[in-house]
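Colleague: This is the structure alone, sequence omitted:
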């Protein structure tokens, strides 16, 4: 396992650096041409007064993954030579704290969705960085598949961390409710306000999440419309509903269906991050389609609201204490 983790981590770092060095995507229409790299796409969000989204995108697709990879290499290369790495315990804790927040593969899927979405609008070019980033996503995903907390603690000769001190049931329930209620409040503007504005020859065309799905469906892009609908509408609603049901069940001392409720919780853990697809699609389109008055795309307030929903529901899932499903209060 150690050799595979080191190999995939090294490959991921190499491909990530390569993805930053070349052109990522290009867009041309009516004689106008615009090309971007990954850093340029982040700068475009900041230039459009969406610094928060720019910071978030750079964190989840570059900063956090690279931090995990560097920490792993620091820990495992000495292990290959039979030595014990220093500061292993805090670094392992950091790795597994950051792991749920990496979204490399989600960004790659969002890029593919964006390409399909704008192919009918203009000519799209794919640069070397796109292929490098795809290989980075594949290598990173393979590395995460081999990332096992128990085995890593054994390999680095660290004691497994002590289980966290049990929190009062009321504390877990109240904090989860607070995050869920706030998520629901943000979900309303996320679906009613425009998530992006398309400016064509001075004509502003705002688009909501559901409006974008309908447009794609009418264009005949059924698979892409289905992906956006599932990721941006069904998944957030489903996650909110499941977490509300779980929190209500432990609050009312319901003891039945423990296995079913645990399955529901695991589903929310798995699907929660994938709602970021639509936010990344907007970020890519905003950075790529900037041709002045001929055609430009700008983010709407719903992008920030929807991003907040995704983060808050992930925090709500972390806040929920699964032990309350099995224990009688």
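Modeller: Okay, I see it. As the structure is a computational prediction, the values presented were derived from the model and not from experiment. Numbering: from 1, shown residues only.
Colleague: Provide the backbone phi and psi angles at residue 316.
Modeller: phi -60, psi -40 (degrees, to the nearest 10).
Colleague: which SS state does the residue lying closest to it once chain neighbours are set aside fall under?
Modeller: Using Cβ to Cβ, 6 or more residues apart in numbering and skipping residues adjacent in sequence, the residue nearest residue 316 is residue 179, 3.8 Å away. Every residue, glycine included, has its C-beta placed from N, CA and C. State at residue 179, reduced to three classes by DSSP: H, G, I helix; E, B strand; the rest coil: helix.
Colleague: The closest residue to residue 193 other than its chain neighbours and residue 277: what is the separation?
Modeller: Computed as Cβ to Cβ, 6+ apart, the closest residue to residue 193 that is not its neighbour in sequence is residue 302, at 4.1 Å. Counting by Cβ to Cβ, to the nearest Å, the separation of residue 302 from residue 277 is 14 Å.
Colleague: what about residue 254, which SS state?
Modeller: coil.
Colleague: Show me where the chain dips below the pLDDT cut-off.
Modeller: For the chain, the stretches flagged by pLDDT under 70 are 29, 120-122, 159-169, 202, 291-294, 327-329.
Colleague: Got the domain ranges for it?
Modeller: 2-155, 169-326 (automatic domain parsing).
Colleague: and the shortest one, how far apart are its ends?
Modeller: For domain 2-155, the separation between the terminal residues is 8 Å (Cα to Cα, to the nearest Å).
Colleague: give me phi/psi at residue 204?
Modeller: phi -80, psi 130.
Colleague: Find the residue closest to it in space, skipping its chain neighbours.
Modeller: residue 197 (5.5 Å).
Colleague: if I read this right, that neighbour contacts residue 301, doesn't it?
Modeller: No: contact criterion Cβ atoms under 8 Å: residue 197 and residue 301 do not qualify, at 10.2 Å.
Colleague: Buried residues in stretch 264-280, which are they?
Modeller: 264-265, 268-269, 271-280 (16 or more other Cβ atoms under 10 Å).
Colleague: Kindly report the same for stretch 132-143.
Modeller: Buried residues in stretch 132-143 (16+ other Cβ under 10 Å): 132-140, 142-143.
Colleague: of all these, which comes closest to residue 88?
Modeller: Proximity of the buried residues of stretch 132-143 to residue 88 (Cβ to Cβ) peaks at residue 143, which lies at 17.9 Å.
Colleague: For that closest one, what is the enclosing helix or strand?
Modeller: Using DSSP states H and E, residue 143 sits within helix 128-145.
Colleague: what's the following helix or strand after that helix?
Modeller: helix 149-155.
Colleague: Against which helices or strands is that following helix packed?
Modeller: Under the contact definition 3 or more Cβ pairs under 8 Å, 6 or more residues apart in numbering; DSSP states H and E, helix 149-155 sits against helix 64-80, helix 88-98.
Colleague: Dump these to TSV, plus mean neighbour count.
Modeller: Formatted as TSV, the helices and strands packed on helix 149-155 follow (neighbours: other Cβ atoms under 10 Å):
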stretch	mean neighbour count
helix 64-80	19
helix 88-98	16
